[in-house]
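K.L.:
got a predicted structure here, sequence first:
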Amino acid sequence: MPPLPKKKHTRARKGNRNAHNAMKLPALSICGGCGEVAQPHITCPECGNYKGRTMPGNWDRVNQLEQVTPVAAASKESEESESL
Ligand SMILES: [Zn+2]
């Protein structure tokens, strides 16, 4: 005969033990690349943005951070178009 518990565990004892087993909602933040709600510290599933860079892969959306042209380059282009 195998070893058995000496006494029955009460409903309260089981309930108190299982009180810590509830599922928790994931932490959410706003993606800096596309503005969608995404989990922090994880690559955005929409645009692949992570820490301001686009991770390799095929993403549904385009990371808007990489479309921004530097201010100096944009002003030079506008001056050239005015002179012509
Ligand atoms: Zn994103």
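P.N.:
Structure received.

K.L.:
how many other residues sit next to residue 36?
P.N.:
Using other Cβ atoms under 10 Å, residue 36 has 14 neighbouring residues. For every residue, glycine as well, the C-beta is placed using N, CA and C.

K.L.:
can you tell me how far it is from the ion?
P.N.:
For residue 36, the distance to the ion equals 5 Å [Cβ to the ion, to the nearest Å].

K.L.:
same thing with residue 56?
P.N.:
For residue 56, the distance to the ion - Cβ to the ion - is 15 Å.

K.L.:
quick one: end-to-end length of stretch 40-52, please.
P.N.:
One end of stretch 40-52 sits 13 Å from the other (Cα to Cα, to the nearest Å).

K.L.:
quick check: buried residues in it?
P.N.:
Neighbour-count burial for stretch 40-52 flags 43, 44, 46, 47, 48, 49, 50 (criterion: 16 or more other Cβ atoms under 10 Å).

K.L.:
so the fourth one versus residue 66, what's the distance?
P.N.:
To tie it back to what came earlier, the one meant is residue 47. For residue 47, the distance to residue 66 equals 9 Å [Cβ to Cβ, to the nearest Å].

K.L.:
the buried residues of stretch 40-52 in strands, which ones?
P.N.:
Those of the buried residues of stretch 40-52 mapping onto strands are 49, 50, per DSSP state E.

K.L.:
that older thread, list the residues that are in contact with both of residue 47 and residue 66.
P.N.:
Here residue 47 and residue 66 share the contacting residues residue 54, scored by Cβ atoms under 8 Å, 6 or more residues apart in numbering.

K.L.:
pLDDT weak spots in the chain?
P.N.:
Counting by pLDDT under 70, the chain has low-confidence residues at 68-70, 73-84.

K.L.:
quick check: residues of it near the ion?
P.N.:
Contact residues, the chain versus the ion (Cβ under 5 Å from the ion): 31, 33, 34, 44, 46, 47, 49.

K.L.:
mind checking the SS state of residue 17?
P.N.:
Recorded secondary structure, residue 17: helix (DSSP: H, G, I helix; E, B strand; the rest coil).

K.L.:
where do the helices sit along this structure?
P.N.:
In the chain, the helices defined using DSSP state H lie at 11-18, 71-83.
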